[in-house]
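Colleague: Let me see the structure of the following:
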Amino acid sequence: MISIILVMIGGGLGAIARSAITDYFNLKFTSKLPIATLIVNLVGSFLIGLTIGLSISISWFPAFFVTGFLGGLTTFSTLAKELTLMMTPKFNINLFLNYSLLQFIIGFIACYIGYHI
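Modeller: Reported below is the predicted structural model:
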């Protein structure tokens, strides 16, 4: 039961962090690509790899930080929404494919680097 509560608290805090980061980047930068989602997914993937690589032995930490906070910070559903919104009458297949590949490839590389630090 405590794990569920830790995931809920961590997830809520991660979602708040994602929202704040997204708002900040949307105000500061204009781009054809949703940069904020790319950044939170990149940072989250790196931190997941780093946390797993460190093998932190605090019993509550994986539930709170990895599953909860980083799960709330990173976002597949927002990525799916953004890719769907790219499919407008002015649909640019190159932009769509590049952004899709960038999310997955950079996310994997960031996680890999974090794990091996």
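Colleague: Point me to the residue sitting farthest from the middle of the chain.
Modeller: Centroid-distance maximum for the chain: Pro89 at 28.0 Å, with Cα atoms, centre = their mean.
Colleague: Give me the distance between that one and Leu83.
Modeller: Between Pro89 and Leu83 the computed distance is 16 Å (Cβ to Cβ, to the nearest Å). From N, CA and C alone the C-beta is placed, and that goes for glycine too.
Colleague: for Gly11, same thing?
Modeller: In terms of Cβ to Cβ, Gly11 sits 23 Å off from Leu83.
Colleague: just Cys111 next, same as before
Modeller: Distance check for Cys111 against Leu83: by Cβ to Cβ, it reads 20 Å.
Colleague: hmm, back to that, which of the three states applies to the residue farthest from the centre of the chain?
Modeller: coil (DSSP: H, G, I helix; E, B strand; the rest coil).
Colleague: same thing with Ser59?
Modeller: Assigned with three-state DSSP, Ser59 falls in the coil class.
Colleague: Can you give me the neighbour number for it?
Modeller: When neighbours are counted by other Cβ atoms under 10 Å, Ser59 registers 10.
Colleague: How many residues are close by the residue nearest to Thr51 when sequence neighbours are not counted?
Modeller: Nearest residue to Thr51, sequence neighbours excluded (Cβ to Cβ, 6 or more residues apart in numbering): Val66, at 5.5 Å. Using other Cβ under 10 Å, Val66 has 18 other residues around it.
Colleague: hmm, which helix or strand of this structure has the shakiest average pLDDT?
Modeller: None of the helices or strands of the chain scores lower by mean pLDDT, DSSP states H and E than helix 61, at a mean of 88.
Colleague: So for stretch 34-41, what gets flagged as buried?
Modeller: For stretch 34-41, the neighbour count (16 or more other Cβ atoms under 10 Å) marks 34, 36-41 as buried.
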